[in-house]
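In: After the sequence you'll find the predicted model.
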Amino acid sequence: MTATEPATGTDLLDAVADLGAALRQSLEASTSTTASAAQLREAAAGIRAATAPLAALPRPYDKLPAVDDMARAVRVFNPVVGVGSGVAVPLDLRPDPAGGGVVARAALGQRYEGPPTFLHGGISALLMDQVLGHAAIAANRWGMTVGLDVRYRRPVPLHVTVRLAGRVAAIDGRRTTVVGTIAADDAPDVALVEATAVFVSPSPEVAARYFAGVRTASGEQVSGRVGTG
């Protein structure tokens, strides 16, 4: 298929996900390999050659990808949950029937390392912001983060399945407070990381100002409110 030939939504999404998986595999391998300098340079040249045709077909930053679905809060290149992102886990967030809210499980590799063998603290904050945001969306309370408090109780080990969870704790007008944790999957009651976030739904006037220039792939204006479905 050439760049000018149309692809079905499923074909395009499958291809985006396939490329994202390949990028994640490449990043993980690059942070854990013992290859020689010559092998690394050969790999770098190959990656640059493969990237060139993609770079020749850029998407304007204010136009959403055709595979995004704003009504369902699906952002395919999101750096935490996006299947097309090379830096995403990606987390698969699902409803949590036990505690309410949402939950996900993942084993995080060396590309996220901070202290040796442990998760970088900034990545913990990134993951929690996303998880708590999805918990708000699941309660039909989409908003933008105005505050995020992260408490690091214990280091999060790499290559061990962890449980990430979030639930709405309070609602006050346009403000939604959400709490969550990262814990080992086999010890979910022992928090390694605790987090509290406050999200505020922008007023229609503010949303219009923030997102006035953003368009979907079909050219429609983005209202700014997502995840209402």
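Out: Right, received. Where do you want to start?
In: now the strands for the protein?
Out: Along the chain, the segments classed as strands by DSSP state E run 94-95, 102-107, 144-152, 161-172, 175-184, 191-200.
In: Now render those strands as TSV, adding mean neighbour count.
Out: For glycine as for every other residue, the C-beta is placed from the backbone atoms N, C-alpha and C. Shown next, in TSV, are those (neighbours: other Cβ atoms under 10 Å):
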stretch	mean neighbour count
strand 94-95	12
strand 102-107	19
strand 144-152	14
strand 161-172	19
strand 175-184	22
strand 191-200	21
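In: quick one: pLDDT of the spatially closest residue to T196 that is not a sequence neighbour?
Out: Take T196 and drop its neighbours on the chain: the residue closest to it by Cβ to Cβ, 6 or more residues apart in numbering is D149, 4.7 Å away. pLDDT, D149: 98.
In: give the contact list for D149.
Out: Residues counted as contacts of D149 (Cβ atoms under 8 Å, 6 or more residues apart in numbering) are A195, T196, A197.
In: From the centroid of the protein, which residue is nearest?
Out: Nearest to the mean C-alpha position of the chain, counting by Cα atoms, centre = their mean, stands V80 at 1.9 Å.
In: For that one, give its distance to L164.
Out: To L164, V80 is 10 Å away according to Cβ to Cβ, to the nearest Å.
In: Now do stretch 28-36, average pLDDT.
Out: Rounded mean pLDDT across stretch 28-36 is 97.
In: Nearest residue to V190 in space, please, no chain neighbours.
Out: That would be A183: by Cβ to Cβ, 6+ apart, it lies 5.8 Å from V190.
In: Surely A66 touches A217?
Out: Yes. Applying Cβ atoms under 8 Å, one finds A66 in contact with A217, separated by 3.8 Å.
In: Looking at these two, which one has more neighbours?
Out: A66 (15 against 12; other Cβ atoms under 10 Å).
In: List the residues that contact that one.
Out: Taking Cβ under 8 Å, 6+ apart as the test, what A66 contacts is G9, L12, A217.
In: Nearest to L93, out of those residues: which one, please.
Out: Using Cβ to Cβ, G9 comes nearest to L93 of the contacts of A66, at 21.7 Å.
In: Any figure for the gap between the closest one and E113?
Out: For G9, the distance to E113 equals 36 Å [Cβ to Cβ].
In: Which helix runs longest in this structure?
Out: Counting residues, the longest helix found in the chain (DSSP state H) is helix 9-30.
In: which helices and strands sit right next to that helix?
Out: Applying 3 or more Cβ pairs under 8 Å, 6 or more residues apart in numbering; DSSP states H and E, one finds that helix 9-30 makes contact with no other helix or strand.
In: Tell me the buried residues in that helix?
Out: By neighbour count on 16 or more other Cβ atoms under 10 Å, the buried set for helix 9-30 is L12, L13, V16, A17, L19, G20, L23, R24, S26, L27.
In: Report the distance from the one helix or strand in the chain whose mean pLDDT sits lowest to the chain centre.
Out: Ranked by mean pLDDT, DSSP states H and E, the weakest helix or strand in the chain is helix 204-211, scoring a mean of 88. What separates the centre of helix 204-211 from the centre of its chain is 23 Å, taken as Cα atoms, centre = their mean, to the nearest Å.
In: How about stretch 117-134?
Out: So, by Cα atoms, centre = their mean, the centroid of stretch 117-134 is 10 Å from its chain's centroid.
In: and if you look at stretch 64-78?
Out: Taking the mean of its C-alpha atoms, stretch 64-78 sits 11 Å from the chain's own mean (Cα atoms, centre = their mean).
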